[in-house]
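[1] No sequence on hand, only this structure:
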Ligand code: GLU
């Protein structure tokens, strides 16, 4: 039984990522669980362009006072595991481009033979029933992604803050056209294999939870408890990113703000005393973390001294 923090090593952790990591530590430890750290580095194009980031991310987590149970798992080491899981699923090749999916999703009922109403943006099953000849023809144009047949299952998950979240599961991608396992697949396989029973992450992924819970069940894994926490946003209300200025520990250190001070900001953003140590965080009542699902508006210009 464990909680986990699962960063993608495409750029240094920014304040929002660090806050989510701190909350993953808090909720795991307060639930008596180990915290695991998993490096989600399957997107080799984006990861390869940013060498050394994964190690810096680990260093930054330690610098704000977090610890975790080894080993740190890297998804790029587990391709064989994902391939064997994908091979055991009921999948079909999909040749749709992003644009075709977006267009088809606007008229879902038109292309679903079984007339199931899927939510907006869901894949309507365009390639679900291609003939063998048609598949062979399309394969010559571009390699197909693999989608799992989910039969529009209705799944309800429980989130600590959002409560019951129900979704209709579309036939989502489990392997991309270049063979890379998709995020939803790899994450669910790893959570299952690693014994993860609590998933703490940004609330931009809340909508993926019914899909992931469905897949976990298909694979015989328990559905974890979900804790989706608030994202950090910039002054314009847009999700915080590197381009918003000094938002990583390295940037902030260059401006004279050390990791201890940054940890204090993270705690203050949750309405907590910035000086609290790890042991004290574990002793607080549950209500002390009631604001963990609120957005944190970060104005990076504030601490850039001219
Ligand atoms: N690797 C994902 C990210 O950095 C998080 C995935 C998850 O927590 O399920 O956004």
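    Happy to help now that I have it. Just so it is clear, the structure is predicted and the values come from calculations on it, not from any experiment.
[2] Is it correct that residue 37 is in contact with residue 4?
    Yes. Counting by C-beta atoms under 8 Å, residue 4 is a contact partner of residue 37 at 7.0 Å. (C-beta placed from N, C-alpha, C; glycine too.)
[3] Comparing the two, which residue is more hemmed in?
    residue 4 (27 against 23; other C-beta atoms under 10 Å).
[4] how about that one, what does it touch?
    Shown in contact with residue 4 (C-beta atoms under 8 Å, 6 or more residues apart in numbering): 24, 28, 35, 36, 37, 38, 191, 194, 196, 198, 199, 200.
[5] And what about the residue in the stretch 51-200 of the chain that the ligand sits nearest to, helix, strand or coil?
    Nearest residue of the stretch 51-200 of the chain to the ligand (C-beta to the nearest ligand atom) works out as residue 187 at 4.7 Å. At residue 187, secondary structure determined by DSSP: H, G, I helix; E, B strand; the rest coil is helix.
[6] if you skip the residues just before and after it, what's nearest to residue 298?
    residue 232 (5.0 Å; C-beta to C-beta, 6 or more residues apart in numbering).
[7] Double-check that neighbour against residue 296; I have them as touching.
    Yes. Between residue 232 and residue 296 there is a contact under C-beta under 8 Å: 4.5 Å.
[8] more crowded one of these two?
    Neighbour totals were compared for residue 232 and residue 296, and residue 232 leads with 23 against 20 (other C-beta under 10 Å).
[9] List the contacts of the more buried one.
    14, 15, 16, 19, 239, 240, 269, 295, 296, 297, 298.
[10] Name the residues of the protein found near the ligand, please.
    6, 7, 8, 40, 187, 201, 205 (C-beta under 6 Å from any ligand atom).
[11] Could you point out the helix or strand that follows the helix or strand of the chain with the lowest mean pLDDT?
    In the chain, the helix or strand scored least confidently by mean pLDDT, DSSP states H and E is helix 108-111, which has a mean of 51. Note on helix 108-111: by DSSP states H and E, the next helix or strand toward the C-terminus is helix 132-141.
[12] one step back: filter the residues of the chain next to the ligand to the buried ones?
    6, 7, 8, 40, 187, 201 (16 or more other C-beta atoms under 10 Å).
[13] Adding pLDDT and secondary structure as columns, could you present those in a markdown table?
    A markdown table is the format used below for these (pLDDT from 0 to 100; DSSP: H, G, I helix; E, B strand; the rest coil):
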| residue | pLDDT | secondary structure |
| --- | --- | --- |
| 6 | 98 | coil |
| 7 | 97 | coil |
| 8 | 95 | coil |
| 40 | 97 | coil |
| 187 | 98 | helix |
| 201 | 98 | strand |
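[14] sorry, back to before: a markdown table for the residues of the chain next to the ligand, including distance to residue 180?
    Shown next, in a markdown table, are the residues of the chain next to the ligand (distance: C-beta to C-beta, whole Å):
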| residue | distance to residue 180 |
| --- | --- |
| 6 | 16 |
| 7 | 18 |
| 8 | 13 |
| 40 | 12 |
| 187 | 13 |
| 201 | 21 |
| 205 | 19 |
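[15] Please give me every residue in contact with the most centrally placed residue in the chain.
    The residue lying closest to the centre of the chain (C-alpha atoms, centre = their mean) is residue 205, at 5.7 Å. Residue 205 sits next to residue 228 when contact means C-beta under 8 Å, 6+ apart.
[16] now do 10 Å
    Residue 205 sits next to 183, 184, 187, 199, 212, 226, 228 when contact means C-beta atoms under 10 Å, 6 or more residues apart in numbering.
[17] how about the strands of the stretch 201-306 of the chain, start to end?
    All strands of the stretch 201-306 of the chain, identified by DSSP state E, counting those that start in this stretch, fall at 225-229, 232-233, 296-297.
[18] Please identify the most buried of the ones you listed.
    The highest mean neighbour count among the strands of the stretch 201-306 of the chain, using mean count of other C-beta atoms under 10 Å, belongs to strand 225-229: a mean of 23.
[19] wait, doesn't residue 222 sit right on residue 157?
    No. At 11.9 Å, residue 222 does not count as touching residue 157 under the criterion of C-beta atoms under 10 Å.
[20] for the most far-flung residue of the chain relative to its centre, what are its contacts?
    Farthest-out residue of the chain from its mean C-alpha position, per C-alpha atoms, centre = their mean: residue 133, at 37.1 Å. Residues near residue 133 by C-beta under 10 Å, 6+ apart: none.
[21] Then residue 49?
    10, 11, 43.
[22] so where's the chain uncertain?
    107-117, 304-306 (pLDDT under 70).
[23] Now do the helices in it.
    For the chain, the helices defined by DSSP state H cover 15-30, 44-48, 53-63, 79-87, 98-106, 108-111, 132-141, 183-193, 209-218, 249-254, 259-269, 278-283.
[24] No further queries at this time; thank you.
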